[in-house]
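Q: Please work out how this folds:
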Amino acid sequence: MVPPVKAIDSERMRGNFSSHAEDYDSYASVQKRVVELLYSRLAAVALLPGPCLDIGTGTGALAAAMLNRVSGNQFVVMDIAHGMTRAAAGRLPAVSACDGDARQLPFANQAFACVVSSSVYQWVDCLPSAFAEVARVLRPGGSFALALFGEKTLFELRSSHCRAVEDSETGRTSHVQNFPVLDEVADAIAAAGLACDDISAGMEVEFHLDVPDLLRQLKQIGASNATADRPRGLASRRVMQSMIKFYEQQYRCESGLPASYEVIIAIASKSLR
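A: Okay, here's the model as predicted:
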């Protein structure tokens, strides 16, 4: 059973990422690996000549790689967090940069030959409408390449938190964020009128000293929980201690404390008609 999608507080998310733009590259090890995976998948795709858009560019890592294939004067980077947009613009002075929301792209119809995005769409509530925006700004024959985090992402942390909340007997439910399933992504691409040429999912795992170390890393890249119904503070002291205990007992191994990320990568295209 797929858990119900929790609404994302876009203003909270914007603030989280914008305020941590300076720290992002020092801590975003998994996100950097996702950029590498997506770019390697793009190597086999024949891109239509013309302008390219990077949605949710962050500090511009994917855009920097894409400049090997698309000239800077035809590249636009966009992020909902102004701090991230500024970081990408400073890193890549040849590209154009602007703030913008993936749910409502601030561009004209058929403005781009290629749209790319890495580690963004797990923060979007309604994937079909967001992907319809991509289809709108794509030229016929254009490509859409994206990577996002799927349902198994941080399952160790989320299951430990759910267990701790249940055992607290407060009657509350866990507020941890859910992530999209692969079929949901494929269906959203099709609903937007795009052809899903390739889609797959794989796991990336990194290891931490302990749970506080993991939580600090997530906070330092701005990836704090941004669900709209999230209460203030991650949890009570009792719930936090229980969560750490469950996480340690259930998942610690010789390499340390694992944090798993399911990476969904999809390549889609817009019909020439």
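Q: residues touching Tyr121, list them.
A: Residues near Tyr121 by C-beta atoms under 8 Å, 6 or more residues apart in numbering: 56, 102, 127, 130, 146, 148, 180, 185. Any C-beta I mention is one placed from the backbone N, CA and C, and that applies to glycine too.
Q: So it versus Leu62, what's the distance?
A: 13 Å (C-beta to C-beta, to the nearest Å).
Q: for Cys253, same thing?
A: The gap separating Cys253 from Leu62 is 31 Å, by C-beta to C-beta.
Q: re earlier: of the contacts of Tyr121, just the buried ones, ChimeraX syntax please.
A: With 16 or more other C-beta atoms under 10 Å as the criterion, this ChimeraX line picks the buried residues out of the contacts of Tyr121:
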select :56,102,127,130,146,148,180,185
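Q: Return the subset of the contacts of Tyr121 lying in strands.
A: Using DSSP state E, the members of the contacts of Tyr121 that fall in strands are 146, 148.
Q: so where do the helices sit in the stretch 1-150 of the chain?
A: Ranges of helices in the stretch 1-150 of the chain, per DSSP state H, counting those that start in this stretch, are 10-19, 21-27, 29-42, 61-66, 82-91, 127-137.
Q: Pick the most buried one from those helices.
A: Comparing the helices of the stretch 1-150 of the chain by mean neighbour count (mean count of other C-beta atoms under 10 Å), helix 61-66 comes out on top with a mean of 24.
Q: so what secondary structure elements neighbour it?
A: Contacts defined by 3 or more C-beta pairs under 8 Å, 6 or more residues apart in numbering; DSSP states H and E place helix 61-66 against helix 29-42, strand 52-55, strand 75-79, strand 112-118.
Q: re the thing from before, just put the contacts of Tyr121 in JSON lines and tack on distance to Ser236 and pLDDT.
A: Shown next, in JSON lines, are the contacts of Tyr121 (distance: C-beta to C-beta, whole Å; pLDDT from 0 to 100):
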{"residue": "Gly56", "distance to Ser236": "33", "pLDDT": "96"}
{"residue": "Ala102", "distance to Ser236": "34", "pLDDT": "96"}
{"residue": "Leu127", "distance to Ser236": "33", "pLDDT": "97"}
{"residue": "Ala130", "distance to Ser236": "35", "pLDDT": "98"}
{"residue": "Leu146", "distance to Ser236": "37", "pLDDT": "98"}
{"residue": "Leu148", "distance to Ser236": "31", "pLDDT": "98"}
{"residue": "Pro180", "distance to Ser236": "29", "pLDDT": "95"}
{"residue": "Val185", "distance to Ser236": "35", "pLDDT": "98"}
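Q: What segments of the stretch 151-273 of the chain are helices?
A: Along the stretch 151-273 of the chain, counting by DSSP H, counting those that start in this stretch, helices occupy 155-168, 182-191, 211-220, 237-251.
Q: Quick one: closest of those helices to Phe112.
A: Of all these, helix 182-191 sits nearest to Phe112, with 16.5 Å by C-beta to C-beta.
Q: ok, back up a step: quick one, which of the helices and strands packed on helix 61-66 is nearest to Leu214?
A: helix 29-42 (11.2 Å).
Q: What's the mean pLDDT across that closest one?
A: Mean per-residue pLDDT for helix 29-42: 96.
Q: tell me what that helix is packed against?
A: Looks like helix 29-42 contacts helix 61-66, strand 112-118, strand 138-149, strand 195-208, strand 257-269 (3+ C-beta pairs under 8 Å, 6+ apart).
Q: So which of those is the most surrounded?
A: strand 112-118 (a mean of 25).
Q: could you check the angle strand 138-149 makes with that one?
A: Strand 112-118 runs at 10 degrees relative to strand 138-149, counting by axes from the mean of the first three to the mean of the last three C-alpha atoms, to 10 degrees.
Q: what's the angle from strand 112-118 to strand 75-79?
A: Using the same axes, to 10 degrees: strand 112-118 against strand 75-79 is 40 degrees.
Q: Mind listing residues that contact strand 112-118?
A: Identification of contacts with strand 112-118 by C-beta under 8 Å, 6+ apart yields 31, 34-35, 38, 42, 47-56, 58, 61-62, 66, 70, 76, 102, 134, 137-139, 141-148.
Q: Switch the helices of the stretch 151-273 of the chain over to CSV; also include distance to Gly202.
A: What follows is the helices of the stretch 151-273 of the chain, written out as CSV (distance: least, C-beta to C-beta, whole Å):
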stretch, distance to Gly202
helix 155-168, 15
helix 182-191, 11
helix 211-220, 20
helix 237-251, 19
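Q: Lovely, talk soon.
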